[in-house]
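> Give me a model of this one.
(one chain, ligands or ions: 1)
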Amino acid sequence: MTVTMNTAEVAAPVNALALRNVRHTFDGNTVVKGIDLEVEPGEVVCLLGPSGCGKTTLLRIAAGLEVLQEGSVALEDNVIASPGQRHVPPEKRNVGLAFQDSALFPHLTVLENVMFGLKKLPAPQRRKRAKELLEQLGMASYTDTYPHMLSGGQQQRVALARALAPEPRLMLLDEPFSSLDARLRDQIRDDTLHVLKKVGAATLLVTHDPEEAMFMADRIALMRDGKIIQVGTPQELYCAPSDPFVVTFFGEVNELDGTVNNGKIATPVGSVEAGWLPEGSQAKVMIRPEALRVAECNVDPNPHDHSHVIMAKLLGRSSLIHLCAHGSQGDEAHLHARVPGLFLPGEGQPVDIHLDLSQVFVFPSPTAAAGASTAHRHA
Ligand SMILES: Nc1ncnc2c1ncn2[C@@H]1O[C@H](COP(=O)(O)OP(=O)(O)OP(=O)(O)O)[C@@H](O)[C@H]1O
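Okay, the predicted model is just below:
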């Protein structure tokens, strides 16, 4: 039997958005420095990074709100921006936009605001679709309310519903939850994620909050100073960081300096593998507080020669233990351990410390890195 293949079925999936070698300069200051990034259909990608690293500029370039200076922007494989040749205006890109300060139309009710982008549909369908989205974002009881009667967070939710209503292939969201208080933010994030996945919209979302990025993203692009430092799934960035900056961006970390000796680096909490670094070279050992397992023990006669607790604080869902760690070679370090739940040993309490090596990362020291491989390995 001859099997005929439908070429549409075997074609590689197109990218919803592809940014190629995008560079952007304001007044002689280059703030986006050659970015390549794709968003696949239905995928949520978070642009994460510290303030001023160029996230919003990149999003505005994708939206067409900033005219592209260098590189190219393609939507579903159609180039919609290339310098000096093509600039499809924002309203012709079929892209949903929700920015921090998305303004609603003040003279329209909440329902009319959301229906605004649905002009092509018959009125009953527009109303039904707008109501569905408002329901999904917890705003069903505000349909007849005017924007000035809503809180900032409620206005943000309506702006999200309005952006989602026309079912754009691509959503561009800039800090869409920033004006919500913590508890409401968790709820709206959750609702938004479910709506995005239900609608199947590809999404590029800007945030400076690593936890938000991990919650929302299929993939995270972590930026610093106009460049992407690492792109990958939340697990890849958290568990296989390519650079010390990636480790520290996701939370506090203990940092120790050491020397590679017989392929290992000795620390006060045990030795870690570093055979991929040159013998005798300097290295930085980064230990997440969660990597330190702490157990009380009895030691006589001098507990202060043993690892012990300096102080312990309850942080809510976890306890933070300040430790004085003593190594077998007489080396000492002040380390922070994070332990789930309530664990508050007294000051001076001797402890045994066990290292979870999956949360320990070794990098060549910056001076050594100049001459050595900058690749890293799990310890
Ligand atoms: N229109 C502009 N004119 C001049 N400089 C600008 C303009 N827009 C942004 N910049 C500068 O470009 C750099 C990147 O800004 P951008 O808003 O893209 O960063 P960001 O990562 O989104 O920061 P944040 O998280 O604080 O919003 C900053 O130094 C900013 O001051």
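
> Parallel or antiparallel, which strands does the one helix or strand Val339 maps to pair with?
Using DSSP states H and E, Val339 sits in strand 332-340. Neighbouring strands of strand 332-340 in its sheet, by DSSP bridges, are strand 318-326 (antiparallel).

> which residues sit against the strand it pairs with?
268-269, 289, 292, 294, 305-313, 332-345, 351, 353 (Cβ atoms under 8 Å, 6 or more residues apart in numbering). In this view, the C-beta of every residue, glycine as well, is placed from N, C-alpha and C.

> count of neighbours near Phe177?
23 (other Cβ atoms under 10 Å).

> sec struct for it, please.
Secondary structure, DSSP: H, G, I helix; E, B strand; the rest coil: Phe177 is coil.

> ok, it - contacts?
156, 185, 188-189, 192, 212.

> Just give the nearest non-adjacent residue to it, would you?
Arg185 (4.7 Å; Cβ to Cβ, 6 or more residues apart in numbering).

> In the stretch 201-350 of the chain, what residue comes closest to the ligand?
His208 (4.9 Å; Cβ to the nearest ligand atom).

> Hmm, that residue is touching Asp174, no?
No - taking contacts as Cβ atoms under 8 Å, His208 lies outside contact range of Asp174: 10.8 Å.

> Have a look at the two and say which one is more surrounded.
Asp174 (21 against 18).

> Wait, a helix at Asp190?
Yes - assessed by three-state DSSP, Asp190 belongs to a helix.

> any idea how far Asp218 is from it?
Remark: distance between Asp190 and Asp218 (Cβ to Cβ, to the nearest Å) = 16 Å.

> Look at those two and report which has more neighbours.
Between Asp190 and Asp218, counting by other Cβ under 10 Å, Asp218 is the more crowded of the two (16 against 12).

> ok, the more buried one - contacts?
43-45, 233.

> and the residue nearest to Phe177, what pLDDT?
On pLDDT, Arg185 comes in at 85.

> interface residues of the stretch 51-200 of the chain facing the ligand?
51-57 (Cβ under 6 Å from any ligand atom).

> what residue ranges in the stretch 151-300 of the chain are flagged as low confidence?
Filtered on pLDDT under 70, the stretch 151-300 of the chain yields the residue ranges 300.

> how about the residue positioned nearest the centre of the chain, what does it touch?
Residue closest to the average C-alpha location in the chain (Cα atoms, centre = their mean): Ala213, at 3.1 Å. Listed by Cβ under 8 Å, 6+ apart, the contact partners of Ala213 are 46, 48, 205, 207, 220, 234.

> mind checking which helix or strand the closest residue to the third one other than its chain neighbours is in?
Using Cβ to Cβ, 6+ apart and skipping the chain neighbours, the partner closest in space to Leu205 is Leu173 (4.4 Å). Taking DSSP H and E as the criterion, the element that holds Leu173 is strand 170-174.

> Partner strands of that strand and their direction?
Checking strand 170-174 against DSSP bridges gives partners strand 95-98 (parallel), strand 202-207 (parallel).

> Nearest approach to Asp77 belongs to which of these?
strand 202-207 (13.0 Å; Cβ to Cβ).

> what does the closest one contact?
16-17, 39-48, 55-56, 59, 62, 169-176, 196, 213, 216-217.
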